[in-house]
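Trainee: what shape does this take:
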Amino acid sequence: MTSLAGRATDGLRPAAGGVSELAAMFGAIWRRSLKVRVVSSTVVLSSTVVLVLGMVLQAQLAQRLIENKTQAALLQAENSRILVESELGAVDPTSASLAGRLTTAVDRLTNPDPTGKPPATASAGAYEPVLVDGGGPQGVVGTGQKIGPLEDVPAVLRSAVERGALAHKITTVQRGSTAVTMLAVGMPVASAGRTMQLYLLFPLTAEQRTLNLVQSTLVLGGMVLLVLIAGIASLVTRQVVVPVRQAAEIAERFAHGHLSERILVVGEDDMARLGTSFNEMAASIQRQIRQLEEFGELQRGFTSDVSHELRTPLTTVRMAADLLYESRDKLHPVLHRPTELLVSELDRFEALLADLLEISRLDAGVAELHGETVDVRATVAHAAASVRAVADRAGTPLELDLPATEVLAEIDPRRVERIVRNLLTNALDHGEGRPVQMTVAADSDAVAVLVRDHGIGLQPGQQDLVFTRFWRGDPSRDRRTGGTGLGLSISLEDARLHGGWLQAWGEPGRGSAFRLTLPRSRGTELTGSPLPLGPDNAPGDSPVPGLPGPDPAVPAGPGRQ
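Mentor: You can find the predicted model right below:
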């Protein structure tokens, strides 16, 4: 039994999946197409209006037909009562010929008389008469004789007529295999001390045919009307949607860098004014972008020129500073500290100059990636050793978690070492003396390096500034490493050169984490990371919705180096 239920459930799953996919497809069309929404809403509302009006018209017509039929039937019944009373007026209540006279009276109702005159007015149409002997008031009991299909007369109507009332009721009778709706009219008929009941059954077939014809006409007319309304709505919507779609396509091309795209303006209506406004905005943006590009080129050229020009005097100053530093023991003791400061600041200046030159090469697109297959563990360990002295001076424990087996990847060791060194110095600056952990992990496609600190963390709203050049999360902090403000910007570009990601996570009071993910082979597209970025992420998860993607190195926290 359980297996049968399981098989039945398995059989329903594909159908449920198909329905859900179909619903998702229609949902996507509904969300994306203004024309579909407008036409569908118009058709639905119009259908509701047409349906309500059709029901009202049909109900009014049916009521009017029934009222006319009832009035004609009552008039016909009154004429028939007069004819029957004249026929049975002289009948002896005890006469044995009562049955014959009843039959004669019924024949007079349904057949012309010998002169060829038709029966009493037949304005209500054909009918079936029923005549019943009801007895008399002087103790004469009815014989129970009847002429016609008395079983077709509703019991409620018979009870009302037996009490002496004129009544009518709509009923359904069976004629062979067909159910026929009839209007039954009943009334008492007086005859020589005997009260009889006369019932006339009027078929409503003609009225039903009329209602069916009206109903089919309303349905057909409603469908034609809805088709016309849908066509009109589609035409009207098209006049609005087509220009909007064209404007959207031009805006998309403009956003992708085709700054010369413009909307064709025709006429003077609202859409024309929209196109004119868009064209003016596009022209203004194009001018500003060109100005920014020219300014950026000028700035990059200035930075590159200044950096190169500073190298020569810096080399001379460096030689003089090194000479003074080596001879500091021969100098006056007061000059020892200034000599050490001179050398230290020259080191910082050289680091800044080197970063500026690297940024210039990256901006110019001339940076080269010298890839080779190496053990990533050795590169990471070398970077950790270069900052070990800084960690010891700060009293910050530096913990490494490296795989037991080698992790081979095709990378540029110099650039990867620089990335890891920048991440470690950044963590030491903001780790508040708490331990800094560095973890390396790999899978078949990627290798990841995670640097985690437990310091001040990242403030809300800073995630978009993480890798901005010269930006610092807290410029007033006493930085131990003397950063230039370009480290993370250069690290991001180095990661992109490898086709990898550099991502950040952080929360106030919980510290921060920076994750470098690189493909193990050049040209391999990353789809996930071997390490989670934050404490709430599972392995391979991305720090922000939509990642990984075509440009997954979007910052998720503030840059601080």
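Trainee: can you pull out the helices in the stretch 401-550 of the chain?
Mentor: 413-430, 487-497 (DSSP state H, counting those that start in this stretch).
Trainee: do the chain as well
Mentor: 2-32, 34-88, 98-110, 155-162, 205-255, 270-326, 336-364, 376-386, 388-394, 413-430, 487-497 (DSSP state H).
Trainee: out of these, which is closest to G511?
Mentor: helix 413-430 (8.3 Å; Cβ to Cβ). In this view, the C-beta of every residue, glycine as well, is placed from N, C-alpha and C.
Trainee: in the closest one, what counts as buried?
Mentor: 413, 415-430 (16 or more other Cβ atoms under 10 Å).
Trainee: how many neighbours does the closest residue to L518 other than its chain neighbours have?
Mentor: In space, and not counting its chain neighbours, L518 is closest to G500: 3.9 Å by Cβ to Cβ, 6 or more residues apart in numbering. G500 sits with 25 neighbouring residues when counted by other Cβ atoms under 10 Å.
Trainee: what do you get for N68?
Mentor: Count around N68 with other Cβ under 10 Å applied: 13.
Trainee: who are the contact partners of it?
Mentor: Residues counted as contacts of N68 (Cβ atoms under 8 Å, 6 or more residues apart in numbering): none.
Trainee: distance of it relative to R81?
Mentor: 21 Å (Cβ to Cβ, to the nearest Å).
Trainee: for stretch 73-90, what is the average pLDDT?
Mentor: The pLDDT scores in stretch 73-90 average 77.
Trainee: what are the buried residues along it?
Mentor: For stretch 73-90, using 16+ other Cβ under 10 Å, the buried residues are 73-74, 76-77, 79-81, 83-85, 87-88.
Trainee: switch these over to JSON lines; also include distance to G371.
Mentor: Below are these laid out as JSON lines (distance: Cβ to Cβ, whole Å):
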{"residue": "A73", "distance to G371": "102"}
{"residue": "L74", "distance to G371": "105"}
{"residue": "Q76", "distance to G371": "107"}
{"residue": "A77", "distance to G371": "108"}
{"residue": "N79", "distance to G371": "113"}
{"residue": "S80", "distance to G371": "112"}
{"residue": "R81", "distance to G371": "114"}
{"residue": "L83", "distance to G371": "117"}
{"residue": "V84", "distance to G371": "117"}
{"residue": "E85", "distance to G371": "120"}
{"residue": "E87", "distance to G371": "121"}
{"residue": "L88", "distance to G371": "122"}
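Trainee: what's the domain layout of this protein?
Mentor: 17-241, 262-367, 370-561 (automatic domain parsing).
Trainee: winner for burial among these?
Mentor: domain 370-561 (a mean of 19; mean count of other Cβ atoms under 10 Å).
Trainee: closest one to L131 among the helices of the stretch 401-550 of the chain?
Mentor: helix 487-497 (105.3 Å).
Trainee: which strands or helices does the closest one pack on?
Mentor: Secondary-structure packing of helix 487-497 (3 or more Cβ pairs under 8 Å, 6 or more residues apart in numbering; DSSP states H and E): helix 336-364, helix 413-430, strand 501-507, strand 511-519.
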